[in-house]
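Student: quick one, fold the following:
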Amino acid sequence: MASLSLPTIPLRTVASTSSSSSSYSAVPLVHCSVPARLSFYSSRRRITCPKLRCSRQFTVTCGAAITEINEIQFSDTVLKSTRPVLVEFVATWCGPCRLISPAMESLAQEYEDRLRVVKIDHDANPRLIEEYKVYGLPTLILFKNGKEVPESRREGAITKVKLKEYVDALLESISVS
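Tutor: Presented below is the predicted three-dimensional model:
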């Protein structure tokens, strides 16, 4: 029986949380990687690097192009933004959310000059879930000038190709109107 292994994602940002002044604080972490499934649950996770011979804790930020926001940050980040914002409503327990996470990260990097992509945790932000009537996960909604763009709501998993087509069509429609 063949064993399945998850792909790994290189670490993007690693910062030591220890305040001790040992020689390990400047250890290069180029060789480390995190199982891809860690990046699906949250943009920030605490792990112990298994390849270092110490028990230091590190904060790992995967997916630097997508910002995770909450109800308090929503107004400033989404509603007051001068450029379009694609909001992705997700949950840690949602399989389809984890499935599209790599495609969303790729899209956020590719479109970062024309579009901002943010992620909102379903469980931690019930007011937003109720206000925007998010019934299925993942849900994508495009906002422009503080308002939801009509016909922009999309629920469920989507391939990277279809995601790009969806975003291209939305960006074209809002630039015409």
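
Student: low-confidence ranges, this structure, go.
Tutor: Regions of the chain meeting the criterion pLDDT under 70 cover residues 1-63, 177.

Student: for it, which segments count as helices?
Tutor: 36-41, 71-74, 95-110, 126-131, 160-176 (DSSP state H).

Student: which other residues reach the shortest one?
Tutor: Residues lying outside helix 71-74 but in contact with it, judged by Cβ atoms under 8 Å, 6 or more residues apart in numbering, are Ile120, Asn125, Arg127, Leu128. Where C-beta positions appear, they are placed from N, C-alpha and C, glycine not excepted.

Student: tally of neighbours for the second one?
Tutor: Summarising burial for Asn125: neighbours were counted as other Cβ atoms under 10 Å, giving 20.

Student: same check, this time on the first one
Tutor: As a burial measure, Ile120 scores 25 neighbours (other Cβ under 10 Å).

Student: the last one too?
Tutor: A count of neighbours around Leu128, defined by other Cβ under 10 Å, yields 19.

Student: can you tell me how far it is from Ser175?
Tutor: Leu128 is 27 Å from Ser175, where distance means Cβ to Cβ, to the nearest Å.

Student: please apply the same query to Thr82.
Tutor: Distance, Thr82 to Ser175, by Cβ to Cβ: 14 Å.

Student: Val90 too?
Tutor: For Val90, the distance to Ser175 - Cβ to Cβ - is 27 Å.

Student: ok, Glu148 next?
Tutor: The gap separating Glu148 from Ser175 is 17 Å, by Cβ to Cβ.

Student: neighbours of the nearest residue to Thr67 once chain neighbours are set aside, just the number please.
Tutor: Using Cβ to Cβ, 6 or more residues apart in numbering and skipping the chain neighbours, the partner closest in space to Thr67 is Val118 (5.0 Å). Counted with other Cβ under 10 Å, the neighbours of Val118 add up to 20.

Student: could you list the domains of the chain?
Tutor: Segmentation of the chain into domains, based on automatic domain parsing, reads 8-61, 67-176.

Student: quick check: closest non-adjacent residue to Phe89.
Tutor: Nearest in space to Phe89, with sequence neighbours left out and distances taken as Cβ to Cβ, 6+ apart, is Thr139 at 4.3 Å.

Student: what residues are up against the one you found?
Tutor: Glu88, Phe89, Arg153, Arg154, Glu155.

Student: ditto for Lys80
Tutor: Counting by Cβ under 8 Å, 6+ apart, Lys80 makes contact with Gly146.

Student: and it, how close does it get to Ile174?
Tutor: Lys80 sits 17 Å away from Ile174, going by Cβ to Cβ.
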